[in-house]
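Asks: structure for the following, please:
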Amino acid sequence: MMTAVWTPPLTWLVDQLVTEQDLNEQVRDNLEFLYAGLVGYVLICDEKTLDTPGGTFSSGAWQTRDLTTIKSDVGGHAALAANQITLAAGTWRCRIQCPAYQVAKHQARLYSISDGLTLALGSSQRTATTVGTTVFSSIIGRFTLSTSKVLEVQHRCETSFSTYGFGYQAGLDTEVYTIAEFWKEA
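Replies: Residues are numbered from 1 along each chain as shown. Below is the predicted model:
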């Protein structure tokens, strides 16, 4: 199966012959692209109650990020238990945002517990250790799972920060920290 790709609308000249096949191919391709987005989208977040900080971030080894809520699972491709995502087989794109507060250098990754390997590595970031700043490590990637796999979002840092290291609360509504999005391509 080919990956669905959006094709910008074609422009034809006034005297150019346009066949039914030309129009049908473009419509078919674009509908396949839109359909792929409708049947293969997963949104998982770390949600905590109002005024609850993100949690302690300990330096050194990779730390598992909290994941508490499946917000959307169009197509039934994911399950969530104990901060681990079970994701169905297929080719996937991901975008994951992981906040860190006052921990100096930090980086996140999407890790396959099933295979013991990194699927996508997040951006290298640095946040001040003396000024209250939150900086996100962004994981953006594409990977293929041959079978259903158990995955974790993991994060490591240079300097430990208790209570708030995984994110400082906003105190406005439900606190949302890690946000993980997945799109199934095939």
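Asks: helices and strands of the chain: which one has the lowest mean pLDDT?
Replies: helix 20-39 (a mean of 68; mean pLDDT, DSSP states H and E).
Asks: what are the phi and psi values for residue 166?
Replies: Residue 166 adopts backbone torsions of phi -90, psi 10, taken as degrees, to the nearest 10.
Asks: pLDDT at it, what is it?
Replies: On pLDDT, residue 166 comes in at 99.
Asks: now do the SS call for the most far-flung residue of the chain relative to its centre.
Replies: Distance from the C-alpha centroid of the chain, by Cα atoms, centre = their mean, peaks at residue 15 (47.0 Å). Under DSSP: H, G, I helix; E, B strand; the rest coil, residue 15 falls in the coil class.
Asks: relative to residue 70, how far out is it?
Replies: To residue 70, residue 15 is 54 Å away according to Cβ to Cβ, to the nearest Å. The way it works is simple: take the backbone N, C-alpha and C, and place the C-beta from them, glycine included.
Asks: hang on, the earlier thing: which elements pack onto the helix or strand just after the least confident helix or strand of the chain?
Replies: Moving toward the C-terminus from helix 20-39, the first helix or strand encountered (DSSP states H and E) is strand 41-48. Secondary-structure packing of strand 41-48 (3 or more Cβ pairs under 8 Å, 6 or more residues apart in numbering; DSSP states H and E): strand 69-74, strand 78-81, strand 84-87, strand 175-184.
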